[in-house]
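Asker: okay, sequence plus prediction incoming.
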Amino acid sequence: MSKEFFVNALQTDEEFTDFFMVKAASVRTGSNKKLYFDAMLGDRTGEINAKKWDVSDDEAIVLGTLREGDMVKIRAGVTEWNGARQLRIQRIRVAGVNDPVEMTDYIKAAPEDPKEMHAYILDRAKSISDPALRKIAVKFLEDNEERLLYYPAAMRNHHAEQAGLLWHIKRMLMLGELACGVYTILDRDWVVCGVILHDMEKLNEIQSNELGISPGYSFEGKLLGHIAQGVKAVETMAGECGLTDEQKTMLEHMILSHHYEPEYGSPVRPMFPEAELLHYLDILDANMFDFEDALSAVGPGSFSERVRTLDNRMLYKPSSKEDK
Ligand SMILES: [Fe+2]
Ligand SMILES: [Fe+2]
């Protein structure tokens, strides 16, 4: 049986009973000293904050065991808080094996088949003409194929979905190759290699289960982040792949500068055109993802909720042509 209520379609003041997947959950103590349950619940269309107030000690023990990926059945109302929809849970229970749950209704996944995306990216890597740059890009893709097939590109925000990292790399590659036809100073080898490797250490920065749901950052991810981790990885792979010192440093520079601003983690700004392009491909792909994601929850002729990752903008979906 398919799901009845998808997160993105829930309307304020609606009451319903349905299943959801736990994306994050905790039991907290409120300012009134009473326990409450605070969670992000979701399905493949999105996620929503949910609260259950006045949780008893016995209930807190059960709710305290919930982890990302667990399924719950809830009875709830949809309210609004600070301009965003929120669920006020009246009843909640953990779903069991006998419950009619279709997992494909709950897993947010990139729209293309991960194996096909991997094959596409690997094919582009193999087309790099410089042997050392080709080797390091191919090696990364082949050595990490298993995890790439499900890894998200983020815990939250852009591409936080199953195989989101491959989807991010693929669309950046498609754009990057187009840019090479427009700006003829660009060296395609560097564009392709830089795009494939720029977020390579997301695999070790964030943790992920096979559903593409991340429970958090790894220890190294917290202390170093994927930019510093990426530089270390290139350092380790450089000799085996035959990179010259110049190539190694240029590749490290592309990884180091791809967030552009020091406050976003880049200690240097791009100093050659392919590194500059890499940053804008990254930003463009992340922003377009966020536009698409936020507008998927909006009907024609209306505005989205404010999107934190897009400077708190509300986004507009034009009325459909048939409505006019
Ligand atoms: Fe990044
Ligand atoms: Fe990226």
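Answerer: Yes, it's here. Ligands and ions are numbered 1, 2, ... in the order given.
Asker: now do the strands in the stretch 51-200 of the chain.
Answerer: In the stretch 51-200 of the chain, the segments counted as strands under DSSP state E, counting those that start in this stretch are 71-81, 84-94.
Asker: mind listing what Tyr260 touches?
Answerer: For Tyr260, the contact set (Cβ atoms under 8 Å, 6 or more residues apart in numbering) comprises Ser266, Arg269, Pro270, His279, Ile283. Yep, even glycine has a C-beta here, placed from its N, CA and C like the rest.
Asker: in a helix, it, correct?
Answerer: No: assigned with DSSP: H, G, I helix; E, B strand; the rest coil, Tyr260 falls outside any helix and is coil.
Asker: next, format the strands of the stretch 51-200 of the chain as a markdown table and append mean pLDDT and mean neighbour count.
Answerer: A markdown table is the format used below for the strands of the stretch 51-200 of the chain (pLDDT from 0 to 100; neighbours: other Cβ atoms under 10 Å):
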| stretch | mean pLDDT | mean neighbour count |
| --- | --- | --- |
| strand 71-81 | 93 | 17 |
| strand 84-94 | 93 | 16 |
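Asker: in helices, which of the contacts of Tyr260 fall?
Answerer: Cross-referencing the contacts of Tyr260 against helices under DSSP state H gives His279, Ile283.
Asker: if any of the contacts of Tyr260 are buried, put those into a PyMOL selection.
Answerer: Burial among the contacts of Tyr260 is assessed by 16 or more other Cβ atoms under 10 Å; the matching PyMOL selection reads:
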select buried, resi 266+270+279
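Asker: possible to save the contacts of Tyr260 as TSV with pLDDT and distance to ligand 2?
Answerer: Below are the contacts of Tyr260 laid out as TSV (pLDDT from 0 to 100; distance: Cβ to the ion, whole Å):
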residue	pLDDT	distance to ligand 2
Ser266	96	12
Arg269	98	17
Pro270	98	14
His279	98	9
Ile283	97	9
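Asker: which pair in the contacts of Tyr260 spans the largest distance?
Answerer: Using Cβ to Cβ, the two most remote members of the contacts of Tyr260 are Arg269 and Ile283, lying 13.7 Å apart.
Asker: hey, where'd the helices end up in the stretch 1-150 of the chain?
Answerer: Here the stretch 1-150 of the chain has its helices, by DSSP state H, counting those that start in this stretch, at 57-63, 114-126, 131-143, 145-148.
Asker: I am finished for the moment; much appreciated.
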